[in-house]
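[1] What follows is a protein structure lacking sequence information:
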């Protein structure tokens, strides 16, 4: 089996014309896959004209040129569509299925471009496309990015270059800060198109339309925080600003952070962090451990083992039980343990 001489992919009936039954016997088969053929067509269409590109590709890939196989405008991959039309309309092979070469198609230049060809459609199409080339319609990428412009006044190459320049100006700062997402890129391209149109209106003296477009641009930029004034000022993040804010809140004093105990007291306030006593916390922990032991088929503890008891070194539990806690102890028949003396060190 042969491979594409350009990209190396293995050729088969799905990526070349037609299926290579006897590769060495058919001079009509071209050793290029469809993708490489289409790329060549795109380059030729950009350099000459779409219609002429079909003729040049037929020469390059040894395929017959037939007007009946040229696809309608709007095809995403015109050359592949042309080859499929040759196959579907049986214009590219003999009755025995062998492929035609370029020389078995229409090769007479006078018939292609002259009056002998039915009213000269192909010739007129080429003339129109050459005229379009004279208007400098930019590159394939530029046409994909910006379209063709107004029908009565399509973009020239200079117009496309100006659109690229405006977009670059809009997006430069944001791309340097980590890039744009798809929505932001779409909005910036839309804004670049409107900015281009605004400049044209200003050039002809239509200030009202220019002002309307400018307002639309600002609205679109604001929708994604893409304006310069939407950025957070760096001055807000200065160290002295942070220190001032912490001192106003009481978390720093004379430029120094509070000690650990002072900070805990400040964060906790006058009330303990938990509204119940340490003994109540131990009782809850005992219930949780006993539930787990019961599920595992183990005997339950009557009191919480020492190793599981909590240490309230930071005074986070209430010293006296609330009425609700006292009521719970009475209903459950629990005995309150006397509060343990506070110890230093970290709590468990």
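    Received it, and whenever you're ready, just let me know what you need. Remember, predicted model here, so these are calculated numbers, not experimental data. Residues are numbered from 1 along each chain as shown.
[2] doesn't residue 95 fall inside a strand?
    No. Read with DSSP: H, G, I helix; E, B strand; the rest coil, residue 95 is coil and lies in no strand.
[3] now residue 31, nearest residue through space, not along the chain?
    Of all residues not flanking residue 31 in the chain, residue 5 sits nearest, at 4.6 Å (Cβ to Cβ, 6 or more residues apart in numbering). Just so you know, the C-beta spots here come from the backbone N, C-alpha and C atoms, and that holds for glycine as well.
[4] before we move on, what about residue 57?
    Nearest to residue 57 is residue 41, by Cβ to Cβ, 6+ apart, at 5.2 Å.
[5] Please apply the same query to residue 293.
    residue 300 (5.7 Å).
[6] Can you classify the one you found as helix, strand or coil?
    Relying on three-state DSSP, one would call residue 300 coil.
[7] And for it, the neighbour number?
    Other residues lying near residue 300 total 12 when counted by other Cβ atoms under 10 Å.
[8] where along the chain do the strands fall?
    252-253, 256-257 (DSSP state E).
[9] Please identify the most buried of those.
    strand 252-253 (a mean of 14; mean count of other Cβ atoms under 10 Å).
[10] Now do that strand: everything it contacts.
    243, 246, 247, 258 (Cβ atoms under 8 Å, 6 or more residues apart in numbering).
[11] residue contacts, the third one?
    Contact analysis of residue 247 by Cβ under 8 Å, 6+ apart lists 253, 255.
[12] same thing with the first one?
    For residue 243, the set of contacting residues under the criterion of Cβ under 8 Å, 6+ apart consists of 252, 255.
[13] Touching, the residue nearest to residue 57 and residue 76? I think so.
    No. Counting by Cβ atoms under 8 Å, residue 76 is not a contact partner of residue 41; they are 11.9 Å apart.
[14] So between those two, which is more surrounded?
    The neighbour count for residue 41 versus residue 76, taken as other Cβ under 10 Å, is higher for residue 41 (22 against 7).
[15] what's the distance between the more buried one and residue 2?
    Remark: distance between residue 41 and residue 2 (Cβ to Cβ, to the nearest Å) = 21 Å.
[16] before we move on, what about residue 140?
    Residue 140 is 29 Å from residue 2, by Cβ to Cβ.
[17] do the same with residue 10
    8 Å.
[18] Same question for residue 276.
    Computed as Cβ to Cβ, the residue 276 to residue 2 distance reads 83 Å.
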